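Enquirer: when you get a sec, could you give me coordinates for this:
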Amino acid sequence: MSVWEMVKQAADELGDSFTNKSVKNWILKRHPQTNANTINCQIIVCTVNHDSRIHYPQNKKPRIANGAYDFLYRPSSGLLEMYDPQKHGIWEIYCSDNGKLGVRKTDGSPEEPPGKTEPDEVGTCFAAESHLRDYLAQNLHIVEEGLELYVDDEGKDGVEYSIGVGFIDILAVDQNGKFVIIELKVARGPDYAPAQVLRYKNWVKINLANGKPVRGIIIAQNISDKIRYAIASDPEIHAMEYEISLSLNQVDRVGQGMSL
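Expert: Here you go, the predicted model:
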């Protein structure tokens, strides 16, 4: 049984109103080997009005929220209800004019794709850190196989995660349950990036990690020698450079390679 199906079972049994934590506890009581963070992630996947649901593979395309993954509604932080379109309105995942996905209430009409979307991410680098952040949040396997977004018991996921000393671009958990801090710089990584990651890393160690190691990753189009030397003696922080590529595929003419 998949984790989202466990979430559905829990929601069906818990009644019309419940909490993120009660869903997690229900599942862990019956399936103790289930990863707790994966449960929190799948709750977001299935919550029709959660802005962060677009960060997951199940919700990468515009659609009306009427499918298998659309059965929860979030009235406030940490609280959940069974989604009822009559009560909560019809929700959708939509594509904005700049090509980015979002979540909104709709009248139920099919979402029309924009006539022309400027490809913000085609060129030598991402147009903004938010574009790089959202892309990696949806494709964490590119950074490291097995990574998934951290989600706390209030249903807040690790994108722009607020802590006592700043905002972590992406707070993830690896396949061993250890925290990974990802700090993003759209072009050349500034010299202060290692100090920023160190500050976040120590906060997570003290407040969230329960004694487990915490790693940091700096991602930029260009990693300077200053950054390389700054992290040289810290095995818990490393750096990665990204590249953008574009490929084109020929489309068959009408009557060639397709039936009418």
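
Enquirer: how many neighbours does residue 233 have?
Expert: A total of 7 residues lie near residue 233 under the criterion other C-beta atoms under 10 Å. For every residue, glycine as well, the C-beta is placed using N, CA and C.

Enquirer: how about the strands of this protein, start to end?
Expert: For the chain, strands defined by DSSP state E occupy the ranges 17-19, 63-64, 72-73, 79-82, 90-95, 101-106, 148-149, 159-163, 166-173, 179-188, 214-222, 237-241.

Enquirer: pairing partners for the fourth one, with directions?
Expert: The strands beside strand 79-82 in its sheet (DSSP bridges) come out as strand 17-19 (antiparallel), strand 72-73 (antiparallel).

Enquirer: and residue 156, which of those is closest to it?
Expert: Nearest to residue 156 among these is strand 17-19 (13.5 Å), distances taken as C-beta to C-beta.

Enquirer: pull out the buried residues from the closest one.
Expert: Buried residues in strand 17-19, counted by 16 or more other C-beta atoms under 10 Å: residue 18.

Enquirer: repeat for stretch 225-245
Expert: Residues of stretch 225-245 classed as buried by neighbour count (16+ other C-beta under 10 Å): 227, 230, 231, 236, 237, 239, 242.

Enquirer: and the longest helix along the chain, how far from the chain's centre?
Expert: Longest helix of the chain, by residue count under DSSP state H: helix 193-207. Relative to its parent chain, helix 193-207 has a centroid offset of 20 Å by C-alpha atoms, centre = their mean, to the nearest Å.

Enquirer: ok, back up a step: give me the subset of the buried residues of stretch 225-245 lying in helices.
Expert: Assignment to helices by DSSP H places the following of the buried residues of stretch 225-245 there: 227, 230.

Enquirer: now distance to residue 11 too, for the buried residues of stretch 225-245, in JSON lines please.
Expert: Below are those laid out as JSON lines (distance: C-beta to C-beta, whole Å):
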{"residue": "227", "distance to residue 11": "45"}
{"residue": "230", "distance to residue 11": "47"}
{"residue": "231", "distance to residue 11": "44"}
{"residue": "236", "distance to residue 11": "38"}
{"residue": "237", "distance to residue 11": "39"}
{"residue": "239", "distance to residue 11": "41"}
{"residue": "242", "distance to residue 11": "38"}
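
Enquirer: I'd say residue 95 and residue 104 touch.
Expert: No - in this structure residue 95 lies outside contact range of residue 104 using C-beta atoms under 8 Å: 11.0 Å.

Enquirer: any idea which residue is closest to the centre of this protein?
Expert: residue 55 (3.5 Å; C-alpha atoms, centre = their mean).

Enquirer: now it: how far from residue 192?
Expert: Look at residue 55 and residue 192: by C-beta to C-beta, to the nearest Å, they are 27 Å apart.

Enquirer: so where's the stretch 51-200 of the chain shaky on pLDDT?
Expert: Along the stretch 51-200 of the chain, segments meeting pLDDT under 70 span 108-128, 187-190.

Enquirer: same thing but at 80, please
Expert: Along the stretch 51-200 of the chain, segments meeting pLDDT under 80 span 97-99, 107-131, 186-191.

Enquirer: please identify the most buried of the strands of the chain.
Expert: The highest mean neighbour count among these, using mean count of other C-beta atoms under 10 Å, belongs to strand 72-73: a mean of 24.

Enquirer: centre of the chain to that strand, how far?
Expert: Its chain's C-alpha centre and that of strand 72-73 lie 18 Å apart, by C-alpha atoms, centre = their mean.

Enquirer: name whatever forms a beta bridge with residue 214.
Expert: Beta-bridge pairing for residue 214 (DSSP bridges): residue 179.

Enquirer: give the contact list for residue 30.
Expert: With contact set as C-beta atoms under 8 Å, 6 or more residues apart in numbering, residue 30 has these partners: residue 6.

Enquirer: hang on, the earlier thing: out of the buried residues of stretch 225-245, which is nearest to residue 88?
Expert: Within the set of the buried residues of stretch 225-245, residue 242 lies nearest residue 88; the separation is 38.6 Å, counting by C-beta to C-beta.
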